[in-house]
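1. Dropping a prediction and its sequence here:
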Amino acid sequence: MNLRILSGRRTLVTVLTVVALAAALALAACATEERVPGQVNFSTPVPRTPDPTAAPAPTAVPAAPAPTAAPVPAPTTAPAMSMDTAGTLHVAMVKIGAPTGLPSKQTGGGPEQMPERLSIMEKLVEREVDLSFTPWLAQSYSLSDDLTTVTVDLKTGVQFHGGWGEMTADDVKWSYGDAGLENPESIHGSVGFINNHLEPLVVIDSHTVEFPVEQFTIEWDRIYLGIANVTSKKHVDDAGADVALQTPIGTGAFQMSSWTADNEFVGEAFADHHGGKSSFDTLRVLEMGEASTRVAAIKTGEVAIIDSVPISFLQDLTDSGIKPINDHIGGSQQFVGVGGNFWQQTYHDRDEPVPPRPGFLPDDDHPWIGDPNDPERHERARKVREALAISIDRDLINEEVLLGVGRPEYVPYFVSVLPEHPDRWIIPYDPDRAIELLDEAGYGGGFEIPIFVAPDIGSLNQEVWEATATMWANIGLTPRIDRTAYQAFRPKLVERKTEYLYAWLGGNETATMDLPRFAAAEGSTWSEGDWNWGIEAIETFQAMEKVNAAPRDKEARIQANMEMGDFFFDTKIGFGVVFSPDPLYFNPAIVEDWGLKPGNRRNFESITLKQ
């Protein structure tokens, strides 16, 4: 995408033909409420809200069926595979990284999630098409009447790769312990969730394990049972942690044959998989960082599937017979976290002062950082943040960058299509007022505005952030995009050193207004020692606490979240830009069926290749 700044009218200019835009809009208009694999469908079914009153012990949840295949349209002009691929599925992804076989090393947001995405390692539950959670490695599970214990009965006969034996309760306890419950060195992507919600697991017998609840949440099935991959304790004990890290051993449909870091993964179908053996023998995944390279690879038939690319490629791909699919419920709100605003002065759970944060730099070099102890400075910084928010033409970004298939967004973690989303949260486009606000704050001459945009997080739409930066330039600022790899930048987030803006993802409408916003609440001391999006404000934690405290009162939960949304809107310490769809793409000349389900896993084992 080429961007330029026009004098006079502040306009974002993209090189898009009228024909391409019209075709893309027509494609979006064809999306229906029925989820049909092979059609792009950017709507999302309403998820089931877990009801604790409906899960008394010892009622068991029925076991999940094996993944089933769903039909896709017949091939049109897509090319056949250009190489001998009998029994092999070729896939291209933006990043595969290095193998990470230990739960404690599976950090969030990056390639460390590959063991699950590639169906090497699995979790106790799986998300279904209707967005409910059903047992996967579990046979059944139940929640006690007093909401203090979840009891999980494991499937029997589930085998680990490499002859490492049958999965037992000891493996589950060890995996959760390594992820954080019993490993203070863990950098698991949800280590904060794990430690805040659970106590160390208790083995009852070989196939029964108890989850003692420290903090109850209405999303107990997702947060307690769907948060950590299960690996073999015996493998770690016998082979050692270093070997286990480099050799992921799981229960999934594919076992690792080879993994060349940042280059290629090859997996073989696991004959003893508890869900049934894959219909093809080999899964080969190539790392291709450039979106244009992935597009070329699928168009020529080098690969059959690619992960997300900017929507600007959509017309070219569909013209070539390549099909988008959104059955994983891809797409996410793109939002700005205005880092450095570490305002919390007392811990959320004790009367103890919070030590100074390295990223808290409320000075003229960081005009966006406020200081609650300096009201004049605090208000000036708020005006700067408001100027940043209202200088973004969200409709124009949606129309020209997202080809009209996205939508404007305003408040982090509360997408604009939620029925309860109030009109008062809509942020107007007013660049003239933005310039006035900068003058009022004392920064009429402009300043550098750095923003971190991870290049290796596929769901972050790079073109959206380039367009956003251009609009900040249009009001006299000097944007700088920091494209450090996510894992290299992550320590700044954990150590509270983030002093500038942070581009991140605020989810989609699967998070209904009555569900807790855990990632938002990590913008407080609740997440100390874990990821944090560059702010600390007690209001985020307090709202989440109110939600969790009302498991049987949906309206109270909604009201608490509305308070959190109001806080974000009023302070602008975070603000949305657009919702960016994030479909995957497949070649229907190669892929006949794909039972893709919502979530991180790609369910490659459900694919049937054309003969």
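-> Yep, it's here.
2. So Pro367 lies in a helix, does it not?
-> No - per DSSP: H, G, I helix; E, B strand; the rest coil, Pro367 lies outside any helix segment and is coil.
3. Excluding residues flanking it in the chain, which one is nearest it?
-> Distance criterion C-beta to C-beta, 6 or more residues apart in numbering; nearest residue to Pro367, sequence neighbours excluded, is Val384 at 4.6 Å. (Each C-beta comes from the backbone N, C-alpha and C, glycine too.)
4. For that neighbour, which three-state class applies?
-> Going by three-state DSSP: Val384 is helix.
5. And for it, the neighbour number?
-> Using other C-beta atoms under 10 Å, the number of residues around Val384 comes to 27.
6. If I follow the layout properly, Phe160 ends up in contact with Thr247?
-> No - contact criterion C-beta atoms under 8 Å: Phe160 and Thr247 do not qualify, at 11.6 Å.
7. who's more crowded, the two?
-> Neighbours per residue, other C-beta under 10 Å: of Phe160 and Thr247, the larger number sits with Phe160, 24 against 16.
8. State the distance from the residue nearest to that one when sequence neighbours are not counted to Glu592.
-> Excluding the flanking residues, the one nearest Phe160 by C-beta to C-beta, 6+ apart is Ser232, at 4.5 Å. Separation of Ser232 from Glu592 (C-beta to C-beta, to the nearest Å) stands at 34 Å.
9. Could you do Val213 as well?
-> Distance from Val213 to Glu592, by C-beta to C-beta: 44 Å.
10. what about Leu361, which helix or strand?
-> Using DSSP states H and E, Leu361 is not contained in any helix or strand.
11. no no, Glu499
-> Counting by DSSP H and E, Glu499 is part of no helix or strand.
12. quick one, what contacts it?
-> With contact set as C-beta atoms under 8 Å, 6 or more residues apart in numbering, Glu499 has these partners: 339-340, 358-361, 366, 369, 534.
13. Let's see the PyMOL selection covering just the buried ones among these.
-> The following PyMOL line selects those of these that are buried, judged by 16 or more other C-beta atoms under 10 Å:
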select buried, resi 339+340+359+360+366+369+534
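14. could the contacts of Glu499 be laid out in JSON lines, adding pLDDT?
-> As requested, those are arranged in JSON lines below (pLDDT from 0 to 100):
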{"residue": "Gly339", "pLDDT": "97"}
{"residue": "Gly340", "pLDDT": "98"}
{"residue": "Pro358", "pLDDT": "97"}
{"residue": "Gly359", "pLDDT": "97"}
{"residue": "Phe360", "pLDDT": "98"}
{"residue": "Leu361", "pLDDT": "98"}
{"residue": "His366", "pLDDT": "98"}
{"residue": "Ile369", "pLDDT": "98"}
{"residue": "Gly534", "pLDDT": "91"}
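15. what ranges do the helices span in the stretch 301-450 of the chain?
-> 314-319, 375-390, 394-396, 431-441 (DSSP state H, counting those that start in this stretch).
16. For Arg480, which of these is the nearest?
-> helix 375-390 (13.9 Å; C-beta to C-beta).
17. Identify each buried residue in that closest one, please.
-> Taking 16+ other C-beta under 10 Å as the criterion, helix 375-390 shows 377-378, 380-390 as buried.
18. Overlap of the contact sets of Phe160 and Thr247?
-> His235.
19. that older thread, the residue nearest to Phe160 and Asp178, how far apart?
-> Taking C-beta to C-beta, one finds Ser232 at 12 Å from Asp178.
20. Help me confirm that Tyr502 is found in a strand?
-> Yes - counting by three-state DSSP, Tyr502 is found in a strand.
21. Can you tell me the closest non-neighbouring residue to it?
-> Gly337 (4.1 Å).
22. Sketch out the low-pLDDT regions of the stretch 1-150 of the chain for me.
-> Low-confidence segments of the stretch 1-150 of the chain (pLDDT under 70): 1-86, 108-112.
23. my bad, should have said the chain
-> 1-86, 108-112.
24. the domain parsing of it - what is it?
-> Here the domain parsing of the chain from automatic domain parsing is 52-325+583-609, 336-580.
25. Now do Ser416: how many residues are near it, please.
-> Around Ser416 there are 18 residues (other C-beta under 10 Å).
26. Now the closest residue to it other than its chain neighbours, what are its backbone angles?
-> Excluding the flanking residues, the one nearest Ser416 by C-beta to C-beta, 6+ apart is Glu409, at 5.5 Å. Backbone torsions of Glu409, given as degrees, to the nearest 10, read phi -130, psi 160.
27. What distance do you get for Glu409 to Asn341?
-> Distance from Glu409 to Asn341, by C-beta to C-beta: 20 Å.
28. if you count what's nearby, which of these two comes out ahead?
-> Asn341 (32 against 26).
29. what residues are up against that one?
-> Applying C-beta under 8 Å, 6+ apart, the residues contacting Asn341 are 360, 368-370, 381, 534-537, 573.
30. Export those residues to a markdown table and append columns for distance to Ser144.
-> Shown next, in a markdown table, are those (distance: C-beta to C-beta, whole Å):
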| residue | distance to Ser144 |
| --- | --- |
| Phe360 | 42 |
| Trp368 | 46 |
| Ile369 | 45 |
| Gly370 | 44 |
| Ala381 | 47 |
| Gly534 | 38 |
| Ile535 | 36 |
| Glu536 | 34 |
| Ala537 | 34 |
| Ile573 | 38 |
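31. Could you list the buried residues of stretch 292-307?
-> 293-295, 297-299, 301-307.
32. Show the backbone phi and psi for the residue nearest to Phe160.
-> Backbone geometry at Ser232, expressed as degrees, to the nearest 10, gives phi -90, psi 120.
33. what residues are up against it?
-> Contacts of Ser232 (C-beta under 8 Å, 6+ apart): 160, 164-165, 167, 171, 249.
34. that's a helix at Asp238, yeah?
-> Yes - under three-state DSSP, Asp238 sits within a helix.
35. Provide the count of other residues in contact range of it.
-> By other C-beta under 10 Å, neighbour count at Asp238 equals 11.
36. do Thr512 as well
-> With other C-beta under 10 Å as criterion, Thr512 counts 18.
37. wait, it sits on His421?
-> No - at 11.2 Å, Thr512 does not count as touching His421 under the criterion of C-beta under 8 Å.
38. In this model Gly574 seems to touch Trp409, though I could be wrong.
-> Trp isn't right for residue 409; it's Glu. No - here Glu409 does not reach Gly574: they are 11.0 Å apart, not a contact under C-beta under 8 Å.
39. Need the residues touching each of the two.
-> Common neighbours of Glu409 and Gly574 (criterion: C-beta under 8 Å, 6+ apart): Phe335.
40. Where do the helices of the stretch 101-250 of the chain begin and end?
-> 114-117, 169-176, 191-197, 220, 233-239, 241-246.
41. Dump these to TSV, plus distance to Asn561.
-> Output for those, formatted as TSV (distance: least, C-beta to C-beta, whole Å):
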stretch	distance to Asn561
helix 114-117	28
helix 169-176	28
helix 191-197	18
helix 220	18
helix 233-239	39
helix 241-246	39
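42. between these, which gets nearest to Ser144?
-> helix 220 (10.8 Å).
43. what about that closest one, distance to the chain center?
-> 18 Å (C-alpha atoms, centre = their mean, to the nearest Å).
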